[in-house]
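Trainee: would you be able to build a 3D model of this:
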Amino acid sequence: MGTLADALAPSGPSFSWEENSRGSVEGIVVDTAIIQARKFGTNDPDFWDDGKPKELVAITISTELRDPSFDDDDGRRTLYITLWSGQKRALQAAAKLAGVKEPTVGDTFKATHVSGAGRAGDPRVFEYVITKGAGIAAALDTNDAPATPDLSSLGLSAEQLAGLSALKVVDSSKTPF
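Mentor: Residues are numbered from 1 along each chain as shown. Model (predicted):
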(Lines give C-alpha, C1' and ligand atoms only; values in the text may rest on other atoms or scores of the structure.)
Protein backbone atom coordinates (compact mmCIF):
# COMPACT_ATOMS: atom_id res chain seq x y z
CA MET A 1 0.00 0.00 0.00
CA GLY A 2 1.09 3.55 -0.66
CA THR A 3 0.99 6.55 1.59
CA LEU A 4 -1.86 8.99 2.09
CA ALA A 5 0.17 11.52 0.09
CA ASP A 6 0.31 9.03 -2.80
CA ALA A 7 -3.45 8.54 -2.65
CA LEU A 8 -4.13 12.29 -2.66
CA ALA A 9 -1.55 13.19 -5.31
CA PRO A 10 -2.73 14.02 -8.82
CA SER A 11 -2.69 10.99 -11.10
CA GLY A 12 -0.28 12.58 -13.55
CA PRO A 13 -0.60 13.98 -17.03
CA SER A 14 -2.91 12.44 -19.57
CA PHE A 15 -3.59 12.77 -23.25
CA SER A 16 -7.03 14.07 -24.13
CA TRP A 17 -8.51 13.68 -27.59
CA GLU A 18 -10.93 16.51 -26.74
CA GLU A 19 -7.96 18.88 -26.41
CA ASN A 20 -6.22 17.40 -29.48
CA SER A 21 -9.18 17.03 -31.84
CA ARG A 22 -8.13 15.50 -35.14
CA GLY A 23 -4.60 15.37 -33.82
CA SER A 24 -1.95 12.73 -33.41
CA VAL A 25 0.25 11.47 -30.65
CA GLU A 26 3.39 9.46 -31.34
CA GLY A 27 6.15 7.89 -29.31
CA ILE A 28 8.22 4.85 -28.48
CA VAL A 29 6.28 1.97 -26.88
CA VAL A 30 7.44 1.44 -23.29
CA ASP A 31 4.64 -0.87 -22.11
CA THR A 32 1.60 -2.77 -23.36
CA ALA A 33 -1.13 -4.51 -21.42
CA ILE A 34 -4.66 -5.86 -21.65
CA ILE A 35 -6.77 -4.28 -18.92
CA GLN A 36 -10.42 -4.41 -17.91
CA ALA A 37 -12.58 -1.54 -19.09
CA ARG A 38 -14.41 0.65 -16.56
CA LYS A 39 -18.05 1.71 -16.73
CA PHE A 40 -18.36 5.18 -18.21
CA GLY A 41 -18.31 7.85 -15.55
CA THR A 42 -17.34 5.45 -12.75
CA ASN A 43 -14.38 3.40 -11.63
CA ASP A 44 -16.47 0.20 -11.60
CA PRO A 45 -15.24 -2.68 -13.80
CA ASP A 46 -17.33 -3.23 -16.93
CA PHE A 47 -18.64 -6.61 -18.07
CA TRP A 48 -20.52 -8.03 -21.05
CA ASP A 49 -24.01 -9.46 -20.50
CA ASP A 50 -22.51 -12.96 -20.28
CA GLY A 51 -20.29 -11.90 -17.36
CA LYS A 52 -17.01 -11.74 -19.27
CA PRO A 53 -14.94 -8.60 -18.64
CA LYS A 54 -14.77 -5.92 -21.33
CA GLU A 55 -11.12 -5.46 -22.24
CA LEU A 56 -8.93 -2.67 -23.52
CA VAL A 57 -5.44 -2.59 -24.93
CA ALA A 58 -3.31 -0.10 -22.99
CA ILE A 59 -0.26 1.10 -24.90
CA THR A 60 2.10 3.41 -23.03
CA ILE A 61 4.39 5.50 -25.21
CA SER A 62 7.20 7.88 -24.40
CA THR A 63 6.41 11.16 -26.15
CA GLU A 64 7.81 14.65 -26.44
CA LEU A 65 4.68 15.98 -24.69
CA ARG A 66 5.18 17.74 -21.35
CA ASP A 67 2.52 19.24 -19.10
CA PRO A 68 4.06 22.15 -17.16
CA SER A 69 1.51 21.70 -14.37
CA PHE A 70 3.24 18.38 -13.46
CA ASP A 71 6.82 18.72 -12.21
CA ASP A 72 7.60 15.07 -12.86
CA ASP A 73 6.01 14.71 -16.30
CA ASP A 74 8.31 12.32 -18.17
CA GLY A 75 6.26 12.44 -21.38
CA ARG A 76 4.70 9.01 -21.03
CA ARG A 77 1.12 8.76 -22.23
CA THR A 78 -1.15 5.71 -22.23
CA LEU A 79 -3.57 5.15 -25.08
CA TYR A 80 -6.58 2.90 -24.48
CA ILE A 81 -7.94 0.93 -27.43
CA THR A 82 -11.26 -0.88 -27.15
CA LEU A 83 -11.37 -4.50 -28.26
CA TRP A 84 -14.99 -4.43 -29.38
CA SER A 85 -15.05 -1.68 -31.99
CA GLY A 86 -13.45 -0.17 -35.04
CA GLN A 87 -10.47 0.70 -32.83
CA LYS A 88 -9.61 -3.00 -32.64
CA ARG A 89 -9.85 -3.34 -36.42
CA ALA A 90 -7.64 -0.26 -36.88
CA LEU A 91 -5.01 -1.74 -34.54
CA GLN A 92 -5.16 -5.08 -36.38
CA ALA A 93 -4.69 -3.26 -39.71
CA ALA A 94 -1.69 -1.32 -38.37
CA ALA A 95 -0.07 -4.52 -37.06
CA LYS A 96 -0.63 -6.29 -40.38
CA LEU A 97 0.82 -3.37 -42.34
CA ALA A 98 3.88 -3.32 -40.04
CA GLY A 99 4.31 -7.09 -40.38
CA VAL A 100 3.96 -7.69 -36.63
CA LYS A 101 1.42 -9.45 -34.41
CA GLU A 102 1.21 -6.56 -31.97
CA PRO A 103 3.07 -3.41 -30.96
CA THR A 104 5.95 -4.21 -28.61
CA VAL A 105 8.41 -2.31 -26.45
CA GLY A 106 10.79 -0.36 -28.68
CA ASP A 107 8.35 0.09 -31.57
CA THR A 108 7.14 3.55 -32.57
CA PHE A 109 3.38 3.88 -32.20
CA LYS A 110 1.29 6.71 -33.67
CA ALA A 111 -2.42 7.27 -33.06
CA THR A 112 -4.36 9.77 -35.16
CA HIS A 113 -7.93 10.85 -34.39
CA VAL A 114 -9.55 10.82 -37.82
CA SER A 115 -13.20 11.60 -37.02
CA GLY A 116 -16.03 11.28 -34.55
CA ALA A 117 -16.90 13.00 -31.28
CA GLY A 118 -16.93 9.90 -29.10
CA ARG A 119 -20.62 9.72 -28.31
CA ALA A 120 -23.51 7.46 -29.30
CA GLY A 121 -23.95 7.49 -33.06
CA ASP A 122 -20.65 9.33 -33.59
CA PRO A 123 -17.83 7.08 -32.35
CA ARG A 124 -14.24 8.22 -32.50
CA VAL A 125 -12.37 6.77 -35.45
CA PHE A 126 -8.61 6.31 -35.17
CA GLU A 127 -5.78 5.37 -37.46
CA TYR A 128 -2.74 3.68 -35.96
CA VAL A 129 0.75 3.28 -37.36
CA ILE A 130 3.32 0.87 -35.94
CA THR A 131 6.94 1.20 -36.99
CA LYS A 132 8.99 -1.79 -35.91
CA GLY A 133 11.75 -0.76 -33.56
CA ALA A 134 14.87 -2.45 -32.33
CA GLY A 135 13.11 -3.57 -29.16
CA ILE A 136 14.64 -4.58 -25.86
CA ALA A 137 16.86 -7.30 -27.35
CA ALA A 138 18.90 -4.74 -29.26
CA ALA A 139 19.27 -2.53 -26.21
CA LEU A 140 20.52 -5.49 -24.17
CA ASP A 141 22.79 -6.89 -26.89
CA THR A 142 26.23 -7.15 -25.31
CA ASN A 143 27.99 -8.89 -28.18
CA ASP A 144 29.51 -5.65 -29.40
CA ALA A 145 33.12 -5.15 -28.39
CA PRO A 146 33.74 -2.01 -26.36
CA ALA A 147 35.18 0.91 -28.25
CA THR A 148 38.96 1.11 -28.22
CA PRO A 149 39.97 4.31 -26.42
CA ASP A 150 42.32 6.80 -28.08
CA LEU A 151 45.45 6.66 -25.93
CA SER A 152 47.59 8.97 -28.07
CA SER A 153 46.76 12.04 -25.99
CA LEU A 154 48.25 10.50 -22.82
CA GLY A 155 51.86 11.36 -23.74
CA LEU A 156 53.06 7.78 -23.43
CA SER A 157 55.97 6.23 -25.26
CA ALA A 158 55.39 3.79 -28.13
CA GLU A 159 56.48 0.95 -25.83
CA GLN A 160 53.99 2.00 -23.13
CA LEU A 161 51.17 2.36 -25.70
CA ALA A 162 51.94 -1.12 -27.05
CA GLY A 163 51.83 -2.53 -23.53
CA LEU A 164 48.44 -0.92 -22.83
CA SER A 165 47.05 -2.12 -26.15
CA ALA A 166 48.04 -5.70 -25.29
CA LEU A 167 46.01 -5.65 -22.07
CA LYS A 168 42.87 -7.78 -22.06
CA VAL A 169 39.64 -6.54 -20.52
CA VAL A 170 38.43 -8.92 -17.82
CA ASP A 171 34.85 -9.20 -16.70
CA SER A 172 35.21 -8.54 -12.98
CA SER A 173 31.83 -10.11 -12.27
CA LYS A 174 33.35 -13.52 -13.08
CA THR A 175 36.33 -13.30 -10.75
CA PRO A 176 36.34 -15.46 -7.60
CA PHE A 177 36.74 -12.49 -5.22
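Trainee: does P53 touch D46 like I think?
Mentor: Yes - using Cβ atoms under 8 Å, P53 is in contact with D46, at 7.2 Å. From N, CA and C alone the C-beta is placed, and that goes for glycine too.
Trainee: which neighbours do those two share?
Mentor: Common neighbours of P53 and D46, counting by Cβ atoms under 8 Å, 6 or more residues apart in numbering, are 36-37.
Trainee: quick one, phi psi at E159?
Mentor: In this entry, E159 is assigned phi and psi values of phi -60, psi -40 (degrees, to the nearest 10).
Trainee: how many other residues sit next to it?
Mentor: 8 (other Cβ atoms under 10 Å).
Trainee: list the contacts for E127?
Mentor: 90, 94, 111-112, 114.
Trainee: now these in a markdown table, with distance to F70?
Mentor: Below are the contacts of E127 laid out as a markdown table (distance: Cβ to Cβ, whole Å):
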| residue | distance to F70 |
| --- | --- |
| A90 | 29 |
| A94 | 29 |
| A111 | 21 |
| T112 | 25 |
| V114 | 28 |
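Trainee: now these in CSV, with secondary structure, neighbour count and pLDDT?
Mentor: As requested, those are exported to CSV (DSSP: H, G, I helix; E, B strand; the rest coil; neighbours: other Cβ atoms under 10 Å; pLDDT from 0 to 100):
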residue, secondary structure, neighbour count, pLDDT
A90, helix, 18, 94
A94, helix, 21, 95
A111, strand, 25, 93
T112, strand, 16, 92
V114, strand, 13, 89
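Trainee: most widely separated two among the residues you listed?
Mentor: Distance extremes for the contacts of E127: the farthest pair is A94 and V114 at 12.8 Å, using Cβ to Cβ.
Trainee: strands of the chain, residue ranges please.
Mentor: For the chain, strands defined by DSSP state E occupy the ranges 24-36, 55-62, 76-82, 108-115, 125-131.
Trainee: can you pull the buried residues of the longest one?
Mentor: Think strand 24-36. 25-30, 32 (16 or more other Cβ atoms under 10 Å).
Trainee: same deal with the second one?
Mentor: Taking 16+ other Cβ under 10 Å as the basis for neighbour counts, the residues of strand 55-62 that come out buried are 55-57, 59-61.
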